[in-house]
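**Student:** Sequence and predicted structure are below.
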Amino acid sequence: SQQGEEDPQALSIQEGENATMNCSYKTSINNLQWYRQNSGRGLVHLILIRSNEREKHSGRLRVTLDTSKKSSSLLITASRAADTASYFCATVYTGGFKTIFGAGTRLFVKA
Amino acid sequence: DVKVTQSSRYLVKRTGEKVFLECVQDMDHENMFWYRQDPGLGLRLIYFSYDVKMKEKGDIPEGYSVSREKKERFSLILESASTNQTSMYLCASSPTGGSPLHFGNGTRLTVT
């Protein structure tokens, strides 16, 4: 399987703290995407980073990509209780068409 | 805003039944996808389609088929439902290959 891996599987933090989630993948990619899923709902796209980019920001989100290590991280700064959700990385492999998802990180932010 | 609509939020079917899951998108997207989501396994791709009447197998196509007769509609078919197909099914669409996916809210299917 081309599926990537995320760690940690679950993360519990206090409101105001930063949350960092990591994603590793297996072969060269076109881009890497992060999604959020609230309980029992569909996924919502957060941010896309291309293979020639190293860092990207969107509001309180910061994504880094290290293609030499085949890894990415998602940082959520100053977390809020409303950030409680599952977060998934997804990769589109070079020359491919499919978007492949990892198993996700469950984030719980305590108020 | 793109809307991807899945026809049912919850569905209960019996083993051996033929099951149809319907998905409609309203933004003229070329690509449509069916995933299933199981605890600890994340999302796994069942089938996808990059054009009307075109389909490609994903990572777990066994036991499933799909139909895309119109651009906006992508149907997932369980020919003979089995209990191991109890899962959350998510439909998604995207305008081009590699672009972000827009998801429906999912159909939670239980096969008894």
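**Tutor:** Done, it's in.
**Student:** how about the residue nearest the centre of chain B, secondary structure?
**Tutor:** Centroid check for chain B by CA atoms, centre = their mean gives residue B:34 as the closest residue, at 3.0 Å. At residue B:34, secondary structure determined by DSSP: H, G, I helix; E, B strand; the rest coil is strand.
**Student:** Which residue is the nearest non-sequential neighbour of residue A:8?
**Tutor:** residue A:105 (6.0 Å; CB to CB, 6 or more residues apart in numbering or on different chains). Yep, even glycine has a C-beta here, placed from its N, CA and C like the rest.
**Student:** ok, that neighbour touching residue A:10?
**Tutor:** Yes. Between residue A:105 and residue A:10 there is a contact at 6.9 Å, judged by CB atoms under 8 Å.
**Student:** Surely residue A:82 forms part of a helix?
**Tutor:** Yes. Remark: residue A:82 belongs to a helix, assigned using three-state DSSP.
**Student:** for the closest residue to residue A:99 other than its chain neighbours, what are its contacts?
**Tutor:** Once flanking residues are discounted, residue A:99 sits nearest to residue A:90: 5.0 Å by CB to CB, 6+ apart. Counting by CB atoms under 8 Å, 6 or more residues apart in numbering or on different chains, residue A:90 touches A:4, A:32, A:33, A:34, A:35, A:99, A:100, A:101, A:102, B:43, B:101.
**Student:** And the pLDDT at residue A:90?
**Tutor:** For residue A:90, the model assigns a pLDDT of 95.
**Student:** Just the CA atoms from the helix or strand in which it is found would do, formatted as CSV, please.
**Tutor:** Here residue A:90 sits within strand A:85-93, counting by DSSP states H and E. Output in CSV follows, covering the C-alpha atoms of strand A:85-93 (Å, rounded to 0.1, in the frame of the first residue of the first chain):
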residue,chain,number,x,y,z
ALA,A,85,-11.1,16.9,15.3
SER,A,86,-9.2,14.3,13.4
TYR,A,87,-6.5,15.5,11.0
PHE,A,88,-5.4,13.6,8.0
CYS,A,89,-2.5,14.0,5.6
ALA,A,90,-3.0,12.9,2.0
THR,A,91,-0.5,12.5,-0.8
VAL,A,92,-0.8,12.7,-4.6
TYR,A,93,2.1,10.7,-6.0
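**Student:** Paired strands for it, with orientation please.
**Tutor:** strand A:29-37 (antiparallel), strand A:99-101 (antiparallel), strand A:105-110 (antiparallel) (DSSP bridges).
**Student:** any idea how far residue A:9 is from residue A:81?
**Tutor:** Residue A:81 sits 20 Å away from residue A:9, going by CB to CB, to the nearest Å.
**Student:** just to revisit the earlier point, as CSV, the strands paired with strand A:85-93 with distance to residue B:59 would be great.
**Tutor:** Below are the strands paired with strand A:85-93 laid out as CSV (distance: least, CB to CB, whole Å):
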stretch, distance to residue B:59
strand A:29-37, 17
strand A:99-101, 8
strand A:105-110, 21
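**Student:** and these, which is most packed in?
**Tutor:** Highest mean neighbour count of these: strand A:99-101, a mean of 26 (counted as mean count of other CB atoms under 10 Å in any protein chain shown).
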